[in-house]
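Novice: what follows is a predicted protein model with its sequence.
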Amino acid sequence: MSAPSSPADVRPALRVAVLGCGVVGTEVVRLLTTQADDLASRVGARLELVGVAVRDVDVPRDPVVDRALLTADAEGLVEKADVVVELMGGLQPAKDLLLRAIEHGASVVTANKALLAQDGPVLYAAADAAGVDLYFEAAVAGAIPIVRPVRESLAGDHVRRVLGIVNGTTNYVLDRMATEGLDLEQAVKEAQSLGYAEADPTADVEGYDAAAKAAILASLAFHTRVSLDDVAREGITSVTADDVAWAERTGYVIKLLAIAERGETAAEDGSTTAGIQVRVHPALVPAGHPLAGVRGAFNAVFVEAEAAGELMFYGRGAGGQPTASAVLGDVVSVARHRVLGGRGPVESSYAALPVLPASAARTRYQMRLEVADRPGVLAQVAAVLAGREVSIESVRQTPKGEGRVVTDVAMLVITTHTATEHALRSTVEAIEALDVVRRVVSVLRVEGA
Ligand SMILES: NC(=O)c1ccc[n+]([C@@H]2O[C@H](COP(=O)([O-])OP(=O)(O)OC[C@H]3O[C@@H](n4cnc5c(N)ncnc54)[C@H](O)[C@@H]3O)[C@@H](O)[C@H]2O)c1
Ligand SMILES: N[C@@H](CCO)C(=O)O
Ligand code: NA
């Protein structure tokens, strides 16, 4: 009789259940199957895939998925696993299945940011009560290690700001609009066919997906419960081909950014409240800024912390294989804990900072106005800005039909210094009311300068 060659051969195998066999689920099954020996050595026990929950067992699938493992009984499956990996997405039945898994003593791994941003505290509490792990690296920025760095590596520091591109679909769409002149709909279709988009891509284009990720990152960075409803959110549906072209002409690139930062609001009596601000919106980023160079479905996240200074995380933010990499990293971590004892981090929300209103955010702005092309117009517009203490950084004026027919209408592009959203809104209203202004074509924030 030969001696066992490694501890993985003598320890009982850990039973792994996968819920959902779509873009990510299929790639997770592939890695669990093809990397089985390496994973066993890294964990110290074999990972035995005991079932894959699907809606319909008869649908044709990638041959890497053993048909004998398919089941439509997700509830039954979670009861017989040590590790449950949820990749079906959506709020329900994902939430109840994860809670059931936890109740039965399983550690859980999920890529479901929508669920975490809505019901994270419920899942954390259940996992804590059961003494199991809740891991979710794939839920934010796909393959990029960002949850673990913020949750663990920076746990000794004081994070000031997290800023980045966290939605691959919208970055892909904006990139294709800028480089190929595609319209939004065409570019979204491409993102869907490449496996980047959510089951309903509205979640991507309307900014809900990025907002959920911003909420998760803000919760971890600021030790405060932040839910999707706390995030000021704007998607990319109002970004036009014209905006994209003007951005390029003025030295910028349009990106959908997620920003979570410390800030304060001042009350009328002069007292201030410290808190955090979390927002997702399209913004102009200077063409030379590292975020401007983030192409296709790639993501990038900057973290500014007091002692660490600036950190940058970059990589593939969407797609089956990259996301599966992050999922497997979590599976190995939670499986190791089951072999060696111990647990990963629990919820940290002790700071309980207030979430400040969006109107308190301070940024620079670029506004594009169609104005009458005659003397004195700029002076009138400038007076409105000055009256509201919004200071001008630069002005550019071009005939509207630049390169084509010259009309009596000019385009005025004004970039401001930092102003509050509140001051900006009142400025735009006053500018719109000027006789010489035909229309305010667009107002975009400028970030990263
Ligand atoms: N695709 C990506 O790039 C990516 C990246 C990071 C995170 N995620 C997240 O990963 C999860 C899965 O995403 P995806 O892109 O693989 O989606 P998908 O739509 O390709 O796959 C989900 C699968 O789950 C199945 N499913 C849904 N409800 C089910 C149920 N009740 N029982 C059994 N099966 C069910 C669906 O039929 C589908 O096959 C989502 O939470 C998503 O937000 C996806
Ligand atoms: N739909 C998401 C998947 C990654 O979470 C995106 O495009 O970024
Ligand atoms: Na990640």
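Specialist: Okay, I see it. Ligands and ions are numbered 1, 2, ... in the order given.

Novice: any idea how far the nearest residue to R316 once chain neighbours are set aside lies from ligand 3?
Specialist: Distances taken as CB to CB, 6 or more residues apart in numbering place P322 nearest to R316, at 3.7 Å, with adjacent residues excluded. For every residue, glycine as well, the C-beta is placed using N, CA and C. Going from P322 to ligand 3 by CB to the ion, to the nearest Å gives 9 Å.

Novice: OK, contacts around P322?
Specialist: The neighbourhood of P322, defined by CB atoms under 8 Å, 6 or more residues apart in numbering, consists of G142, A143, G315, R316.

Novice: one more pass at 6 Å, please.
Specialist: Counting by CB atoms under 6 Å, 6 or more residues apart in numbering, P322 touches G142, A143, R316.

Novice: try S348
Specialist: Residues near S348 by CB under 6 Å, 6+ apart: H223.

Novice: could you rerun that using 8 Å?
Specialist: With contact taken as CB under 8 Å, 6+ apart, S348 is in contact with R151, A155, L220, H223.

Novice: what is the neighbour count of the residue in the stretch 251-400 of the chain that ligand 1 sits nearest to?
Specialist: Distances between the stretch 251-400 of the chain and ligand 1 by CB to the nearest ligand atom are smallest at A318, namely 3.4 Å. For A318, the count of nearby residues is 29 (other CB atoms under 10 Å).

Novice: so it touches G168, yeah?
Specialist: Yes. Look at A318 against G168 with CB atoms under 8 Å: they come within range, at 3.1 Å.

Novice: need the overlap of contacts for these two.
Specialist: With CB under 8 Å, 6+ apart, A318 and G168 have common neighbours G142, Y196, A297, N299.

Novice: for those residues, which one is nearest ligand 3?
Specialist: If you rank the shared contacts of A318 and G168 by distance to ligand 3 using CB to the ion, G142 comes first, at 5.6 Å.

Novice: which non-adjacent residue is nearest the closest one?
Specialist: Using CB to CB, 6+ apart and skipping the chain neighbours, the partner closest in space to G142 is G317 (4.3 Å).

Novice: kindly report the residues of the stretch 301-449 of the chain close to ligand 3.
Specialist: A326 (CB under 5 Å from the ion).

Novice: residues touching F136, list them.
Specialist: Contacts of F136 by CB under 8 Å, 6+ apart are V109, T110, A111, N112, K113, L116, V147, I216, D330.

Novice: which of these fall in strands?
Specialist: Members of those lying in strands (criterion: DSSP state E): V109, T110.

Novice: can you tell if stretch 8-28 touches ligand 3?
Specialist: No. Using CB under 5 Å from the ion, stretch 8-28 stays clear of ligand 3, coming no nearer than 12.1 Å.

Novice: 21 is where my numbering starts, stick with that
Specialist: From this message on, residue numbering opens at 21, which makes the last subject stretch 28-48.

Novice: close to ligand 1, is that stretch?
Specialist: Yes. Under the criterion of CB under 6 Å from any ligand atom, ligand 1 is reached by stretch 28-48 at G40, C41, G42, V43, V44, G45.

Novice: specify which member of those residues is nearest to ligand 3.
Specialist: Taking CB to the ion as the measure, ligand 3 lies nearest V44 of these, at 12.1 Å.

Novice: counting neighbours, what do you get for that closest one?
Specialist: Count around V44 with other CB under 10 Å applied: 27.

Novice: ok now the helix ranked longest in the chain, how far from the chain's centre?
Specialist: Taking DSSP state H as the assignment, the helix of the chain that covers the most residues is helix 340-360. Here the centre of helix 340-360 is set off from its chain's centre by 20 Å, with CA atoms, centre = their mean, to the nearest Å.

Novice: please apply the same query to stretch 122-142.
Specialist: Distance, centroid of stretch 122-142 to centroid of chain: 17 Å (CA atoms, centre = their mean).

Novice: near ligand 2, which residues of the chain are found?
Specialist: Taking CB under 6 Å from any ligand atom as the contact definition, the chain meets ligand 2 at G162, N187, G188, T189, Y216, A217, E218, D224, D229, G337, A338.

Novice: now the contacts of P342 as TSV including neighbour count?
Specialist: As requested, those are exported to TSV (neighbours: other CB atoms under 10 Å):
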residue	neighbour count
G162	29
A163	22
R336	20
